[in-house]
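Student: Using only what follows, build the 3D model:
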Amino acid sequence: MIDKLYEEVGEFVKDWNLKELADINEVVYRLSEIIGSNPEQLEIERQKKAEQNGGFSDNIVLDEA
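Tutor: Just a heads-up that it's a prediction; the model follows:
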């Protein structure tokens, strides 16, 4: 699935559209299941991290957190 993730990210980088972003989401959801979790728990974790570290709403990416 990691190879598929790289493939989908590459397609998104080239085409920059919602369909490709949805494909990335599907792979990420499947990866969450592979590690014993689920998409709902992944969203909870994403929200917690956004609250603790801030999200990407300002398009700012730190080198280290």
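Student: And the helices in the protein?
Tutor: Here the chain has its helices, by DSSP state H, at 2-15, 18-34, 39-53.
Student: Could you list the buried residues of the last one?
Tutor: Of the residues in helix 39-53, those scored as buried under the neighbour-count criterion (16 or more other C-beta atoms under 10 Å) are Leu42. (Glycine included, C-beta is placed from N, CA and C.)
Student: Quick one: residues in contact with stretch 25-33.
Tutor: The contact list for stretch 25-33, computed with C-beta atoms under 8 Å, 6 or more residues apart in numbering, reads Met1, Ile2, Lys4, Leu5, Glu8, Asn38, Pro39, Gln41, Leu42.
Student: May I see those residues arranged in a markdown table, with distance to Lys48 and pLDDT as well?
Tutor: Converted to a markdown table, the contacts of stretch 25-33 look like this (distance: C-beta to C-beta, whole Å; pLDDT from 0 to 100):
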| residue | distance to Lys48 | pLDDT |
| --- | --- | --- |
| Met1 | 24 | 95 |
| Ile2 | 24 | 97 |
| Lys4 | 26 | 98 |
| Leu5 | 22 | 98 |
| Glu8 | 25 | 97 |
| Asn38 | 15 | 98 |
| Pro39 | 15 | 97 |
| Gln41 | 11 | 98 |
| Leu42 | 11 | 97 |
